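>>> Quick one, structure for this:
(one chain, ligands or ions: 2)
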Amino acid sequence: MPGGGLTTRGPRNLLRQIREAMAGAAPAQERLDTVVRIIAQSMVAEVCSIYLRRASGELELFATQGLKPEAVHKTRLRPGEGLVGEVARSAQPISLSDAPAHPSFAYRPETGEDPYHAFLGAPLLRGGRAIGVLVVQNRSERRYDEDEVEDIQTIAMVLAETVASGELLGQEELRDIEVAPHRPERLKGQLFAEGLAFGHVVLHEAPVPPENLLAEDPQAEEVRLHEALVGLKANIDKMLEGGQGGLAGPSFEVLETYRMFADDRGWNRSLVEAVRTGLTAEAAVDRVRNEHRARFAKARDPYIKERLHDFEDLANRLLRVLAGDRPGERELPDDAILVARNLGPADLLEYPRHKLRGLLLEEGSAASHAAIVARALQIPCVGRLMGLRDRLSEGDLVIADGETGEAYLRPRPDMLAAVESRMQVRSQREAEFAALRDTPAVTLDGQRITLLTNAGLAVDLENLDAVGAEGIGLFRTEFQFMVSDELPRLDSQTALYRRVLDTAGRRPVTFRTLDIGGDKVLPYLETEREENPALGRRAVRLGLDRPGLLRLQLRALLTAAAGRELRVMFPMIATVDEFRHARELVDVECAWARRRGRALPDLLRVGAMIECPSLLWHLDALLPLTDFVSVGTNDLFQYMFAADRTNPLVADRYDPLSPPALRALAEIQRRCADTGTPVSVCGELAGRPLEAFALLTLGFTRLSAPAGGVGPVKRMILSADLGAARRGMANLLGSSSASVRGELESLARKLNVTI
Ligand code: PEP
Ligand code: MG
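Ligands and ions are numbered 1, 2, ... in the order given. Purely as a prediction, here's the structure:
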């Protein structure tokens, strides 16, 4: 039980009355008047006023008990002007025993507030923004105590949520009020996944809905909060000790910061105080999170910004612990555009695919797995949209422009119409790609190209026929693990692989064994803590260290492919020995199955992914051991250029269309040709026409692209004459520039290649 015992203080009844008054049928002004009256009464204040922010930024007196009624809708203060403006600007409560004596006091004769000395104001916060101010005033020079300051903040929160949810004021009345941003805005970000969509905002870190703000039983709620905090700390301790989630979770330093914050007295006290005022534990977390966000929103210092993120992550973790005992499915609109600061791929996969139209992120990077999942889902994704979350409310209309890398918030009808017509053009183009579906991918000079697709989700299988690929060049098996709450058992792994092979029919499928680590986290897998997960025990390294895991998967693959062809490859091979060991495990599993008289695949091909630069200098040793190889350019280049693919600060610092990257690819292709080793490229760049054009000119003839890339790449192939292009590429490989993108574009244009 929390120290000091349970206290039943708090404006609980008042909050209930406010909620009832808000939900009533009377006109908005009448309801606001009732609200200020009951707050004044309950707080034994002579004055209670509500100011709301107008679109101009001014704070307008919307309702008052105690000030002159004529001042309502007349008195307006700019942000920072007067005490009310100061509360809004600083996003913090202000309590004064003698307000008129304060230098910020702005005298407004129409209000008749001269006789009132004591002043207590609290901001109405939504996300990281103050949308209004709630004030109580008294004649006497009294001091409001800490409990009263707490209470007014909770009342302000309930007001803010109710006003913003549209319960209090109708849409018409909200039009000119900045309870939520409502003007159209355009934000420029970065393109992470192609496409174009509009729909309604779903906030990944959603505010608590107004009906869940108030606790039924505040004492029980305090116990819930306390238990959740204990659970949260235990989780972090476990991660710190190298327990769960460490493999690809936050770094040690971040965890230590979390631990410190989780112990932070101020944070804990704020939460407990908020619950004691009558809020649910979730609402308390939300209130404190909003206060932090608003307070630090304008901070430029990267250190402070980072700490704010840490606090937010901690709040999200706490909300997840709390959700554990009240799991609730969120209702999503059918045209959801998901909005988040950042997302892991597993978070994204938790949303129902058929309702997701797009993804907008405040941060993120194009090479992260969340972006890859977005591409697999064929939904547009735009990232690095500064200030995104504070400019949107749940349910806002928004356009995710995955052509230009922009987001249009609350677009005007003409904007929407323009986007709809662009969407029509897109679907016409998609129809053209669909028409090419059965056309073999042959260049103008007769080079046959095998065009495959990357997959990993059930939706990929549904789309396989539509995509027009000749097979699956990369099946990311870890996606099944990432969408599961526990380690998938042998039979569910087998069932999935069988389904994949059944759906593919005669088309080849290359399964990649589990690639966990980096930004792919499995919360249920106990692993060591790592400082640097991208360079850590990722992928096959984990499989070799925990052969039970890998053998189980191989067993599932062998069983599923009994009587057919099985192609399996290992990710993140860095040394020849790793490949040998991994292959031995395949042999061990085959022998195990044979001993039991089980059927085996008719044909078994075992390959390696080339993702670690070390292999470039040992291909002569590796290739004779493999049946095929596949180049994972996403990782190969992150390691070649020492630039974390998930870190937006460095992920875009180099261009894959650069001489070192292209020379590395040329070398791999040449070695494979010399040894007759089949080679494909399955990194994301195989799905971009210009990059794929470069690959063809280097001699690659097998590409595996994300589903959305197959059509555009096929169209490029059909328009390309490789003879001339190869000569052009040979010159570019010798260039001393950091990027040859421009030159390659000119070459493609000169040769009439459709890129
Ligand atoms: C790659 O690294 O290029 C690759 C295809 O694997 P992943 O993106 O899943 O790491
Ligand atoms: Mg990879």
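>>> drop to CA atoms for contacts and neighbour counts, all remaining ones
Fine.
>>> residues from this protein in reach of ligand 1?
Proximity of the chain to ligand 1, by CA under 6 Å from any ligand atom, involves residues 632, 633, 634, 635, 682, 683.
>>> May I ask which of those has the most neighbours?
Highest neighbour count within the residues of the chain next to ligand 1, by other CA atoms under 10 Å: residue 682, with 25 neighbours.
>>> Surely it touches residue 476?
No - using CA atoms under 8 Å as the test, residue 682 is too far from residue 476 to be in contact (10.9 Å).
>>> what is in contact with those two at once?
residue 454 (CA atoms under 8 Å, 6 or more residues apart in numbering).
>>> who touches residue 694 in this structure?
657, 729, 744 are the contacts of residue 694 under CA under 8 Å, 6+ apart.
>>> same thing but 10 Å
For residue 694, the contacting residues are 657, 662, 665, 685-686, 688, 700, 722, 725-726, 729, 741, 744-745, 748, by CA atoms under 10 Å, 6 or more residues apart in numbering.
>>> Could I get the phi/psi values of it?
Backbone geometry at residue 694, expressed as degrees, to the nearest 10, gives phi -60, psi -40.
>>> so what's the residue of the stretch 401-550 of the chain found nearest ligand 1 bridging to?
Proximity of the stretch 401-550 of the chain to ligand 1 (CA to the nearest ligand atom) peaks at residue 476, 6.5 Å away. Legend: beta-bridge partners of residue 476 under DSSP bridges are residue 512.
>>> farthest-separated two in the residues of the chain next to ligand 1?
Based on CA to CA, the longest span within these runs between 635 and 682 and measures 10.7 Å.
>>> And residue 560, how far from residue 476?
As judged by CA to CA, to the nearest Å, residue 560 and residue 476 stand 16 Å apart.
>>> correction: residue 116
68 Å.
>>> neighbour count winner among those two?
Remark: of residue 116 and residue 476, residue 116 carries more neighbours, 21 against 18, as counted by other CA under 10 Å.
>>> if I look at that one, how far off is ligand 1?
From residue 116 across to ligand 1, the span is 65 Å (CA to the nearest ligand atom, to the nearest Å).
>>> quick one: secondary structure of that residue?
Taken by DSSP: H, G, I helix; E, B strand; the rest coil, the conformation at residue 116 corresponds to coil.
>>> What are the boundaries of the helices in the stretch 651-755 of the chain?
Here the stretch 651-755 of the chain has its helices, by DSSP state H, counting those that start in this stretch, at 659-675, 689-697, 707-719, 722-733, 741-750.
>>> Sorry, slip of the keys, the one I care about is the stretch 251-400 of the chain.
Ranges of helices in the stretch 251-400 of the chain, per DSSP H, counting those that start in this stretch, are 252-263, 265-276, 281-296, 302-323, 345-349, 369-377.
>>> by contact count, what packs against the third one?
It stands for helix 281-296. Contact partners of helix 281-296 among helices and strands, from 3 or more CA pairs under 10 Å, 6 or more residues apart in numbering; DSSP states H and E: helix 82-90, strand 118-126, strand 129-138, helix 146-164, helix 218-240, helix 265-276, helix 302-323.
>>> let's see it at 6 Å
helix 265-276 (3 or more CA pairs under 6 Å, 6 or more residues apart in numbering; DSSP states H and E).
>>> Now the host helix or strand of residue 492: buried residues?
Per DSSP states H and E, residue 492 falls inside helix 490-504. Applying a neighbour-count criterion of 16 or more other CA atoms under 10 Å, one finds 493, 494, 495, 496, 497, 498, 500, 501, 504 buried in helix 490-504.
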